[in-house]
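Participant: next comes the sequence, and after it the predicted model I'd like to discuss.
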Amino acid sequence: MIYVATLTHSPERCWAREKNEEKAEEWIETMESKAEQFGVEVHGAYVTPNEHTFYFVLETDEFESVAGFLGPPLLEDHDAKIAPVTSFRSALDATRAE
């Protein structure tokens, strides 16, 4: 299943701030190993710095894997919306099957 995770933070908790740079650097350096640990395939990881928002496109079989992957420190400093998504074609095909 594919999930889109949208994580927002306040300017005070921004990882671009000097006091948080170490946390951001560590996250970037360990993202691949964390994904492997939790069985998550990262299709994309993006940031809109001026909006203080991170976006992840993730694939895994279980929601708990997404939570583990994003867990501390990301989910400590961010509010998250995590939604399972499907392609337009799959959604259309599913409605036709009903």
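Facilitator: Sure, I can see it.
Participant: after the longest helix seen in the chain, which helix or strand is next? Please name it.
Facilitator: In the chain, assigned by DSSP state H, the helix with the most residues is helix 21-38. Using DSSP states H and E, the next helix or strand after helix 21-38 towards the C-terminus is strand 41-48.
Participant: tell me the angle the helix or strand following that next one makes with helix 21-38.
Facilitator: Toward the C-terminal end, the helix or strand that comes next after strand 41-48 (DSSP H and E) is strand 53-59. Strand 53-59 runs at 10 degrees relative to helix 21-38, counting by axes from the mean of the first three to the mean of the last three CA atoms, to 10 degrees.
Participant: for strand 53-59, which positions count as buried?
Facilitator: 54, 56, 58 (16 or more other CB atoms under 10 Å). Using the backbone N, CA and C atoms, a C-beta is placed for each residue, glycine as well.
Participant: surely the first one and residue 4 touch.
Facilitator: In other words, residue 54. No. No contact is recorded between residue 54 and residue 4 when judged using CB atoms under 8 Å, the distance being 11.2 Å.
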